[in-house]
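Undergrad: what's the 3D shape of this:
(one chain, ligands or ions: 2)
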Amino acid sequence: MPVSTNMFTDLLALARSARDHAYAPYSHFRVGAALLTRDGRRFGGCNVENASYGLCNCAERTALFSAVAAGCRPGDFAALAVIADGDSPVSPCGACRQVMAELCDGAMPVLMANLRGDTQQATVAALLPDSFKLPPT
Ligand SMILES: O=c1ccn([C@H]2C[C@H](O)[C@@H](CO)O2)c(=O)[nH]1
Ligand SMILES: [Zn+2]
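TA: Ligands and ions are numbered 1, 2, ... in the order given. Presented below is the predicted three-dimensional model:
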């Protein structure tokens, strides 16, 4: 499903405001994400850290899991945007790439950005080629 430039601008704005809710007292690295569904709904997400560091949840997964909790299912998603403060656009971690591979079509675009307006785009399949999936039972 093609995503217009206007829609990406809109998603990035939502990701930027979701970032304001980041809970990152350990890394101080605040991240925001915004997920667009095929039927036009949008879900924001931020990173949520924990004193037990391994429990930290990334902005991308917060957005994806919020959408699933609202009833969305694999195949329902059209695009994901993610933004953080850095010299270059933020690149999703391996855990988030695996979750994207589970829930999103390989062709789904992911827009990565930084606060100064640099952007980079990739598909889910390009971010995690040959991803692990269980065979159908
Ligand atoms: O794409 C990314 C990369 C990192 N983080 C979070 C996880 C952790 O809270 C902090 C530092 O890694 O940034 C995200 O939310 N998304
Ligand atoms: Zn991640």
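Undergrad: For the protein, which residues are neighbours of ligand 1?
TA: 24, 27, 29, 31, 47, 49, 56, 58-60, 82, 90, 92-93, 96 (C-beta under 6 Å from any ligand atom). To be clear about C-beta, it is placed using only N, CA and C from the backbone, and glycine gets the same treatment.
Undergrad: what secondary structure does Asp39 sit in?
TA: coil (DSSP: H, G, I helix; E, B strand; the rest coil).
Undergrad: list the contacts for it?
TA: By C-beta atoms under 8 Å, 6 or more residues apart in numbering, the contact set of Asp39 is Asp76.
Undergrad: hey, where'd the helices end up in the protein?
TA: 5-19, 59-69, 94-103, 124-127 (DSSP state H).
Undergrad: Pull out the CA atoms of the second one and give them to me as PDB.
TA: Spelled out, it's helix 59-69. C-alpha atoms of helix 59-69 as PDB (Å, rounded to 0.1, in the frame of the first residue of the first chain):
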ATOM      1  CA  ALA A  59       9.000   3.000  21.000                       C
ATOM      2  CA  GLU A  60       8.400   0.800  17.900                       C
ATOM      3  CA  ARG A  61       7.200  -2.100  20.000                       C
ATOM      4  CA  THR A  62       5.000   0.100  22.200                       C
ATOM      5  CA  ALA A  63       3.200   1.400  19.000                       C
ATOM      6  CA  LEU A  64       2.900  -2.100  17.600                       C
ATOM      7  CA  PHE A  65       1.700  -3.700  20.800                       C
ATOM      8  CA  SER A  66      -0.800  -0.900  21.400                       C
ATOM      9  CA  ALA A  67      -2.300  -1.500  18.000                       C
ATOM     10  CA  VAL A  68      -2.500  -5.200  18.700                       C
ATOM     11  CA  ALA A  69      -4.100  -4.500  22.100                       C
END
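Undergrad: what residue ranges in this structure score low on pLDDT?
TA: Along the chain, the model assigns pLDDT under 70 to residues 1.
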